[in-house]
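Engineer: Can you look at this prediction? I've put the sequence above it.
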Amino acid sequence: MVITLTGCSTQTTNQHATPAMSPQVNQVGFLPQASKWAAIPANRTLQSDAFEVVNASTGVTAWQGKLGPEYDWAPAEQRFRMADFSALKTPGRYQVRVEGQPDSAPFEIDEKAHEALAQGVIKAYYFARAGMPLEEKYAGAFAREAGHPDTQVLVHASAADALRPAGSLISSPKGWYDAGDYNKYIVNSGITTGLLLAAYEHFPEIAGTWQSGIPEEGNGLPDVLNEASWNIDWMLSMQDPADGGIYHKLTNLRFDGIVMPQAATTPRYVVQKTTAAALDFAAVMALASRVYARHEAQRPGYSSQLLAAAQKAFQWAEQHPDVLYVQPVDVATGKYDDQNLRDEFAWAATELFLTTQDPLYRERLDLRNLSATPPSWKDVSGMAWLSLAQHVDQLSASDAALVRQTLKTNARRYTHQWKSSAYRITLPPVSFTWGGNSVILGEAILLVAAYRLEEARSTLDAAQSALDYVLGRNPLDMSMVTGFGTRTPMNPHHRPSQADGVKAPVPGFMVGGPNPNQQDKAECPPYPSAPPALAYVDHTCSYASNEVAINWNAPLAYLLAALTALTPSTH
């Protein structure tokens, strides 16, 4: 995802990277039975121990409560008091009010509070499609010509063999643009597609109903599966049919400038086969085989095709267990390199075992030495635990007990962090890093998995806090998803959003979030604030804090499905 913007002309300064002086709250909304919290800056303007939740239109008080104790929260170098209004369940549009401060951003309480956002997050993948025009009927103001057909892609020297020598051509169309750039990477699209498929497999009654307004709508498949298959089809084309190996990425030699996709016409290459790519591919294809098996009528033979591809890729990885990605000297795009492949082997073996029940795959899975960490492209162990929890009833008694214990122990740790945090979030200070918004969502996903095994309400409430954080209950007082919320990123590091001539950015993308490491300092003006939770700039130059990425949207989609499905209904 590291991208250098050449010719970056946008000079918009960030107006929301200084400490907010008003109540900070989820700016999109809450399900009626969800926990509901606001963070109140404990500055000298705060004149009362009380708070109100008022009707956003009339100002009439709907709820009154007492603020919690005042605490320091080191990541923001601020003091806060928390306002708990979970008992307010009446549908409506509200604001939080405290004496001496401006009212909070408005928010909804509604049974469908997550629906538009979830559909927007999925629609972002349509906006990221390579190889097809985005018609005005479906894309509105963000319509554009097709970019990167990728039907004549060069084989790079690092990927060459006797049957496909350097410079030969292959066809590798479809897929999603990875982030702010126009390249396609197996490793990152692997975890992305895996999480979207998991959202549907685990919560089909929710994810299966999202209608995002895409050309395939009405073909008998849920939109989330239509969207996933656009990328799966590309991934299939990245498998060498001769040996089953998987090319690591499809890319230019250098990042494109600030142009629309149709204007980016430099040659494209498939680069090096790697073990990580083969294993991520195998995991996704095995998971997808299970999911699409339910839709044989719509995609005849697809499930069996995916499983065969998965098995062939896993076999290649077994034969080549340590082929790490090494960036060729003439390539300067994203690496997605990884030195530890234990988690990739575990995820691939898990999905193949669950799909086939073949004990040989279970033998490859060393559960007792597998950590349960938030899913990320570099550590996919959490993906294995997530699938094992979903299918715990299919496991042996000892495996099932281990899965339950591991996830419950994890949940206790995250819940303790949530309860003890002055700001009521699970994210520890060290997690303010590149893509930190996705880290807290990954923690929430593991909390959801634990909650499904043992319905402890505090576990669900801790997961809810992650959603609240990225949607505005953060010290920036800003929803981190373009187009959703009162204050949102307007200048994300995203080439189409900068080059399309539309003032608003392409909607539905979550940006990476505060990152005190500021790897983009050579390209950007100084960030307005230094504390970790405020180290953010809403500027197109900021790939370290303000880039979008397909793998950051995926945990948001999963969490929206999970919370909608699992939060008790008022009916």
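Structural biologist: Arrived safely, thanks for sending.
Engineer: What sits closest to the spatially most central residue of the chain if chain neighbours are left out?
Structural biologist: The chain has Trp552 as the residue nearest its centroid, 2.5 Å off, counting by Cα atoms, centre = their mean. Sequence neighbours aside, Ser438 is the residue nearest to Trp552 in space, at 4.3 Å (criterion: Cβ to Cβ, 6 or more residues apart in numbering). Quick note: C-beta positions are derived from backbone N, CA and C, even for glycine.
Engineer: And for Ala466?
Structural biologist: Nearest non-adjacent residue to Ala466, counting by Cβ to Cβ, 6+ apart: Ala444, 3.6 Å away.
Engineer: Ala286 belongs to a strand, doesn't it?
Structural biologist: No: going by DSSP: H, G, I helix; E, B strand; the rest coil, the assignment for Ala286 is helix, not a strand.
Engineer: Now do stretch 211-228, average pLDDT.
Structural biologist: Regarding stretch 211-228, the rounded mean pLDDT is 96.
Engineer: got it, and stretch 436-453?
Structural biologist: The predicted model assigns stretch 436-453 a mean pLDDT of 97.
Engineer: follow-up on the earlier one: test my guess that the residue nearest to Trp552 contacts Asn515.
Structural biologist: No: with contacts counted by Cβ atoms under 8 Å, Ser438 stays clear of Asn515, the gap being 11.8 Å.
Engineer: Report all helices and strands that the helix or strand in which the residue nearest to Ala466 is found contacts.
Structural biologist: Ala444 belongs to helix 436-453 when assigned by DSSP states H and E. In terms of contacts (3 or more Cβ pairs under 8 Å, 6 or more residues apart in numbering; DSSP states H and E), helix 436-453 is packed against helix 381-390, helix 397-420, helix 457-470, helix 550-566.
Engineer: relative to helix 550-566, how tilted is the first one?
Structural biologist: Looking back up the chat, that one is helix 381-390. If you take axes from the mean of the first three to the mean of the last three Cα atoms, to 10 degrees, helix 381-390 sits at 20 degrees to helix 550-566.
Engineer: List of residues touching helix 381-390?
Structural biologist: Identification of contacts with helix 381-390 by Cβ atoms under 8 Å, 6 or more residues apart in numbering yields 191, 194-195, 198, 201-202, 283, 287, 342-343, 346-347, 349-351, 354, 365, 367, 370-376, 395, 399, 403, 406-407, 442, 445-446, 449-450, 452-453.
Engineer: Isn't the residue nearest to Ala466 up against Thr426?
Structural biologist: Yes: the criterion here is Cβ under 8 Å, and Ala444 meets it with Thr426 at 7.3 Å.
Engineer: Quickly list what's touching both of the two.
Structural biologist: In terms of Cβ under 8 Å, 6+ apart, Ala444 and Thr426 are both contacted by the residues 462, 465-466.
Engineer: Please identify which of those is nearest to Ser104.
Structural biologist: Ser104 lies nearest to Ser465 out of those, by Cβ to Cβ, at 16.4 Å.
Engineer: correct me, but Thr426 touches Gly442?
Structural biologist: No: if you go by Cβ under 8 Å, Thr426 and Gly442 don't touch, sitting 10.0 Å apart.
Engineer: so what sits against both of these two?
Structural biologist: In contact with both Thr426 and Gly442: no residue, using Cβ under 8 Å, 6+ apart.
Engineer: I'd like to know how far Thr58 sits from Asn26.
Structural biologist: Distance, Thr58 to Asn26, by Cβ to Cβ, to the nearest Å: 21 Å.
Engineer: Among the two, which residue is more densely surrounded?
Structural biologist: Asn26 (27 against 9; other Cβ atoms under 10 Å).
Engineer: Let me see the contact set for that one.
Structural biologist: 36, 107, 467-468, 471-473.
Engineer: any idea which helix or strand carries it?
Structural biologist: Counting by DSSP H and E, no helix or strand carries Asn26.
Engineer: which ones are touching the residue nearest to Val259 when sequence neighbours are not counted?
Structural biologist: Once flanking residues are discounted, Val259 sits nearest to Ala499: 5.5 Å by Cβ to Cβ, 6+ apart. Shown in contact with Ala499 (Cβ under 8 Å, 6+ apart): 258-260, 263.
Engineer: So Arg473 is in contact with Val25, correct?
Structural biologist: Yes: taking contacts as Cβ under 8 Å, Arg473 lies within contact range of Val25: 5.4 Å.
Engineer: Mutual contacts of these two, please.
Structural biologist: Joint contacts of Arg473 and Val25 (Cβ under 8 Å, 6+ apart) are 37-39.
Engineer: Near the closest residue to Glu547 other than its chain neighbours, how many other residues are there?
Structural biologist: Leaving aside its chain neighbours, Glu547 sits nearest to His493 (3.9 Å; criterion: Cβ to Cβ, 6+ apart). Neighbour count for His493, taken as other Cβ under 10 Å: 30.
Engineer: ok, His493 to Arg268 distance?
Structural biologist: Taking Cβ to Cβ, one finds His493 at 21 Å from Arg268.
Engineer: ok, now Asp399?
Structural biologist: Counting by Cβ to Cβ, the gap from Asp399 to Arg268 is 43 Å.
Engineer: Out of those two, name the residue with the larger neighbour count.
Structural biologist: Between Asp399 and Arg268, counted using other Cβ under 10 Å, Arg268 has the larger neighbour count: 22 against 16.
Engineer: mind listing what that one touches?
Structural biologist: By Cβ under 8 Å, 6+ apart, the contact list for Arg268 reads 148, 150, 153-154, 250-252.
Engineer: hmm, back to that, the residue nearest to the centre of the chain: what's it in contact with?
Structural biologist: Going by Cβ under 8 Å, 6+ apart, Trp552 touches 435, 437-438, 441, 509-512.
Engineer: Over to Ser303?
Structural biologist: 288-290, 292-293, 296.
Engineer: remind me which residues of the stretch 151-300 of the chain are low pLDDT?
Structural biologist: Across the stretch 151-300 of the chain, nothing is flagged by pLDDT under 70.
Engineer: would you list every one of the helices in the stretch 251-400 of the chain?
Structural biologist: For the stretch 251-400 of the chain, the helices defined by DSSP state H, counting those that start in this stretch occupy 275-292, 302-319, 342-356, 359-363, 381-390, 397-420.
Engineer: got CSV for the ones you listed, with distance to Gln47 too?
Structural biologist: Shown next, in CSV, are those (distance: least, Cβ to Cβ, whole Å):
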stretch, distance to Gln47
helix 275-292, 54
helix 302-319, 61
helix 342-356, 51
helix 359-363, 62
helix 381-390, 45
helix 397-420, 28
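Engineer: most packed of those helices?
Structural biologist: helix 275-292 (a mean of 28; mean count of other Cβ atoms under 10 Å).
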